[in-house]
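A.B. asks: sequence and computational prediction follow.
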Amino acid sequence: MPNSKDKPPSYQKYRTLFIFFILSVILSIIISYKVDRALPEYHIGDIPSKNIKSKYETDIPSLGITIKKGEVIVREGERVTKDQLTILNVLKEKESKEPFRFRYFLSLFILIMLVTFLIYEFSSKNIKKFRLSERDIVFCSSMSLFIIIMIKAMSLVIENISDLNKPNLMYLVPVFTLGIVLRIALFSEAAIIFSLLTAIYAGIMLDVSMPVFMYVLIGNILASYFSERCESRSIIIKAGIFTSFIVGFLVVVFHFITGDSLANLPTKIVFIILNGILGSFIALGILPIIEHVFDYTTDIKLLELANLDNALLEEMMVKAPGTYHHSIIVGNLSKAAAEAIGAHPLLARVAAYYHDIGKLKMPHYFIENRKGFNDAHKDLTPSMSSLIILSHVKEGIELAEKHKLGKKIKDIIKEHHGTSLVSYFYNRAKECEDPELFVIDEKDFRYPGPKPQTKEAGIVMLADVVEASSRVLNEPSPKRIEKHVQEIIEKVFLDGQLDECELTLKDLHAIQKSFITILLGIFHQRIEYPERTLFNGTDKKLPKATEDKDKTAQKIDRKITNLFKATG
């Protein structure tokens, strides 16, 4: 989520405008750039080695004709005539007068700037989930530039070695990378909007080509669709392949609709399949770089963090075993709740694993890690104890940054207590309060926030409170567990901690049911197994050999027990 509250809206808009200004300038330079090679010197009777085409629409007054852009002046293998030489000399003169088409560049800049800003502004105001931070805008713009540069570079290279036209060559460029990467790093809305913008840029660059526009747009939408819930690298490869086959089929359909020649169709299909495969491999290669540079947490990275052999989790298991056990259970509760309401189960589970890593700094000050230690708060004032408890959020954020857990995890660590009250130490402080000397302020005993901003953060908050409080349940029967979970969720809700996330009352009911199911499994009743007793009486006497073995075993057991007592 962008930090919309950190900066005034006008300031953010100016920053966004500046980013789009830079993007538009760069795109205009790229699109308007052409390798204008000067026409060679020809004489009457010379034979050119390739077709000579006009690069401009030009009037030839001496001949009383107008030459269209792209019109062939002299064909390969033909001799240059007097009239053709006149046309070539006019073109050569015009070429020398127009080294840089500033008017074309300026028109492109205005068009790109307006289209980009209007589409972005409309989307941010009317599409609920389309909320991008400045960092996200820079990332999406960079990816669009990356695709446009590849298209431009490929068209310039192949233009000199092939007679194919630019739209055909475009099918060889791995444009599907954009949809895959944006969907994995951000969300589908960002992928669709910037796929639309990139399709517009590509269409303008390739002589306002509608087929190219449709190809880039539909291809990237499909690529982003197949990249949803990318929890393994193989999904990226499949996304590229599935996209290429569907787009290839659509290109065939489009050819039949328009009645175009089928001569180049096999080449296009081959290019599209190569596009899908190459694009998916490029996405695989650049995703780790994107995660590092832009601090994104993709599903692939979440899977790596979910490994319980992670160094940070292993350190927690050794230094703060109570917190480790608590975090694992909170992870299971969070995953079940996220699945119940259609949130992101993997993110909720992994964030829950790391939500209390800040307790590693002073683990014995937290009750779940106090086994074997005296009460660390015994000689501290309630205010000091509260400061230590509150500090674990700040310490957790610092550890998350140090270990590069990613922004999504850091945000949930920051938000998982919201602005809730450390009630135990607040009540102790109120008991010692002397209104004439000092007044206890409740805000000094509240977490700094912010409140949860996403469904996953809200789920982790609820799971954390429910798991911690359920430990003190006396004889946890199903009815008692159900009542307890309901009361805890109501308490958090009435305290306003869920006001800024998108959890509905329907969601809270589903979360409550999922928590109860998990807790019933944890607190299920067990059979008390009786100790083994020897048979007594003449009618149940053991055989002699068995009886001797049992007596020998009892002697060995007594010796082992005495040995442990001696060493203790």
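C.D. replies: Yep, it's here. Numbering: from 1, shown residues only.

A.B. asks: by mean pLDDT, which helix or strand of this protein comes out lowest?
C.D. replies: helix 544-567 (a mean of 50; mean pLDDT, DSSP states H and E).

A.B. asks: in the longest helix along the chain, what's buried?
C.D. replies: For the chain, the helix that runs over the most residues, judged by DSSP state H, is helix 265-294. By 16 or more other Cβ atoms under 10 Å, the buried positions in helix 265-294 come out as 268-269, 271-273, 275-276, 278-280, 282-284, 286-287, 290-291, 294. Quick note: C-beta positions are derived from backbone N, CA and C, even for glycine.

A.B. asks: quick one: contacts for Val115?
C.D. replies: Contact analysis of Val115 by Cβ atoms under 8 Å, 6 or more residues apart in numbering lists 197, 200.

A.B. asks: what helix or strand does it sit in?
C.D. replies: Assigned by DSSP states H and E, Val115 belongs to helix 102-126.

A.B. asks: ok now that helix, how far from the chain's centre?
C.D. replies: Remark: helix 102-126 is offset 26 Å from the chain centroid, using Cα atoms, centre = their mean, to the nearest Å.

A.B. asks: renumber starting at 12 from here on
C.D. replies: Shifting the count to begin at 12 puts that one at helix 113-137.

A.B. asks: buried set for the helix or strand just after that helix?
C.D. replies: Once helix 113-137 ends, the next helix or strand along the chain (criterion: DSSP H and E) is helix 145-170. Judged by neighbour count using 16+ other Cβ under 10 Å, the buried positions of helix 145-170 are 147-152, 154-159, 161-163, 165-166, 169.

A.B. asks: again with stretch 326-334
C.D. replies: 327, 331, 333-334.

A.B. asks: stretch 508-521: end-to-end distance?
C.D. replies: End-to-end span of stretch 508-521 (Cα to Cα, to the nearest Å): 18 Å.

A.B. asks: looking only at pLDDT, what's the mean for that stretch?
C.D. replies: Taken as a whole, stretch 508-521 has a mean pLDDT of 94.

A.B. asks: quick check: nearest residue in space to Ile284, chain neighbours excluded?
C.D. replies: Once flanking residues are discounted, Ile284 sits nearest to Ser255: 4.8 Å by Cβ to Cβ, 6 or more residues apart in numbering.

A.B. asks: number of residues surrounding that neighbour?
C.D. replies: Using other Cβ atoms under 10 Å, Ser255 has 27 other residues around it.

A.B. asks: I'd like to know how far it sits from Ser166.
C.D. replies: Ser255 is 20 Å from Ser166, where distance means Cβ to Cβ, to the nearest Å.

A.B. asks: do the same with Lys61
C.D. replies: Plainly put, Lys61 is 17 Å away from Ser166 if you go by Cβ to Cβ.

A.B. asks: before we move on, what about Gly429?
C.D. replies: Per Cβ to Cβ, Gly429 is found 53 Å from Ser166.

A.B. asks: cool, His520 as well?
C.D. replies: 56 Å.

A.B. asks: ok, now Thr392?
C.D. replies: From Thr392 across to Ser166, the span is 72 Å (Cβ to Cβ).

A.B. asks: how about the contacts made by Val184?
C.D. replies: 158, 161-162, 165, 286.

A.B. asks: low-confidence stretches in the stretch 412-561 of the chain?
C.D. replies: 447, 535-561 (pLDDT under 70).

A.B. asks: next one: the stretch 262-411 of the chain
C.D. replies: In the stretch 262-411 of the chain, residues with pLDDT under 70: 383-384.

A.B. asks: one more time with 90
C.D. replies: The model of the stretch 262-411 of the chain has pLDDT under 90 over residues 262-283, 285-286, 302-303, 306-308, 310-311, 374-394.

A.B. asks: I'd say Leu313 and Leu357 touch.
C.D. replies: Yes. Leu313 sits in contact with Leu357 when judged by Cβ atoms under 8 Å, with a separation of 5.0 Å.

A.B. asks: out of these two, which sits in the more crowded spot?
C.D. replies: The residue with more neighbours, out of Leu313 and Leu357, is Leu313; 20 against 17, by other Cβ under 10 Å.

A.B. asks: helix or strand for the more buried one, which one?
C.D. replies: Using DSSP H and E, Leu313 sits within helix 310-316.

A.B. asks: now do the helix or strand that that helix is followed by: everything it contacts.
C.D. replies: Next in sequence after helix 310-316, counting helices and strands by DSSP H and E, comes helix 322-330. The contact list for helix 322-330 (Cβ under 8 Å, 6+ apart) reads 319, 334-335, 338, 364-365, 368, 371, 374, 410, 414.
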